[in-house]
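K.L.:
for reference, the sequence and a predicted model appear below.
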Amino acid sequence: AQSVTQLDSHVSVSEGTPVLLRCNYSSSYSPSLFWYVQHPNKGLQLLLKYTSAATLVKGINGFEAEFKKSETSFHLTKPSAHMSDAAEYFCVVRGNTGGFKTIFGAGTRLFVKA
Amino acid sequence: DTGVSQDPRHKITKRGQNVTFRCDPISEHNRLYWYRQTLGQGPEFLTYFQNEAQLEKSRLLSDRFSAERPKGSFSTLEIQRTEQGDSAMYLCASSSDVNTEAFFGQGTRLTVV
C-alpha cells in the first residue's frame, strides 16, 4: 500500500527567502515520487520527479527535492521564493508494480509575502 | 496542441441526470488515469487504464460511475443519476511508461444543482 503525507497545509514565506515544503511517503515497493504545482484555475504542472536515479532532483523554476529513503521523505525546496511561486503544491507517490496507482498528498498552499 | 484535452471544461447538470466526460490523452501514451478533485483537496484516484484494459478502480468509483477506453485511445467517464456530492473537478492524465510523469488535462468542472 502507498500513502503520502504533506506535513503542512499552509506555508507562508517572504519573497527572497527559502522555501521548504515537507512530504513523507509510505510504499511497499521502491516508488516513483513527484511534485506537482497547481496555480488557481490552471492545470497541474510537473515540477520534478524521482525515479530511482539521483537522490537530489532538480526541477523547473529553481525547485529541487531530495529523496531520503531512511527518512521516507521527499521535501521540496527553493533557495529564494518569488511572488509567482504562490500556488498549491502536491507531493505524489506512484508504485512501480501492479496498477501503478498514483496517490496525491492533500496539498500545501504556499503564500509569498512581498 | 499535443497535450491532454478534456471536454467539456464545465458542466452544470440537475440532480438525477446522467453526464459523460471525454478525455483525449497524448497520442503515444498507453496509460490513462481519472481523478476527482474537490475544493481544497488533492486529486483522488478513480481509475486507471493500460491501453483499453481498465486495470484498477478505486472504491470511490461507485456503481453509478463507469469509465471506458474502447480503442485504447480516448476515454469516457459517465456518471449516472448524479448527486450533489458528485460536484467536483474531474481530471484526466496520461503517461507513456511506469517511470514517466503523468500529464494532466485542464479538467472538467461538474456542478450538480
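P.N.:
The structure has been received and is ready for your questions. What you see is a predicted model, and the numbers here were worked out from it, not measured in a lab. Numbering: from 1, shown residues only, chains lettered A, B, ... in the order given.
K.L.:
got the contact list for the residue nearest in space to the middle of chain B?
P.N.:
Nearest to the mean C-alpha position of chain B, by Cα atoms, centre = their mean, lies B:W34 at 3.5 Å. Shown in contact with B:W34 (Cβ atoms under 8 Å, 6 or more residues apart in numbering or on different chains): B:23, B:46-48, B:67, B:75, B:77, B:90-92. (Glycine included, C-beta is placed from N, CA and C.)
K.L.:
just the ones in helices from the residues you listed, please.
P.N.:
Among the contacts of B:W34, no member is found in helices (DSSP state H).
K.L.:
partners of the lowest-mean-pLDDT helix or strand in chain A in the sheet?
P.N.:
The helix or strand of chain A with the lowest confidence, counting by mean pLDDT, DSSP states H and E, is strand A:102-104 at a mean of 85. Its sheet considered, strand A:102-104 pairs with strand A:87-94 (antiparallel) by DSSP bridges.
K.L.:
may I have the partner strand exported as PDB, CA atoms only?
P.N.:
Taking Å, rounded to 0.1, in the frame of the first residue of the first chain, the C-alpha atoms of strand A:87-94 are listed here in PDB:
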ATOM      1  CA  ALA A  87       0.300  28.200  -5.500                       C
ATOM      2  CA  GLU A  88      -0.800  24.800  -4.300                       C
ATOM      3  CA  TYR A  89       1.900  22.100  -4.300                       C
ATOM      4  CA  PHE A  90       1.200  18.400  -4.300                       C
ATOM      5  CA  CYS A  91       3.600  15.600  -3.400                       C
ATOM      6  CA  VAL A  92       2.800  12.400  -5.300                       C
ATOM      7  CA  VAL A  93       3.800   8.800  -4.900                       C
ATOM      8  CA  ARG A  94       3.400   6.100  -7.500                       C
END
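K.L.:
how far off centre is it?
P.N.:
5 Å (Cα atoms, centre = their mean, to the nearest Å).
K.L.:
and if you look at stretch B:54-62?
P.N.:
That offset, for stretch B:54-62, works out to 11 Å (Cα atoms, centre = their mean).
K.L.:
returning to that earlier point: so for the contacts of B:W34, which is the shakiest by pLDDT?
P.N.:
On pLDDT alone, B:Y48 ranks lowest of the contacts of B:W34, at 89.
K.L.:
quick one: that residue from chain A, how far?
P.N.:
5 Å (Cβ to the nearest Cβ, to the nearest Å).
K.L.:
coming back round to it: may I ask which two of the contacts of B:W34 are separated the most?
P.N.:
B:Y48 and B:Y90 (14.4 Å; Cβ to Cβ).
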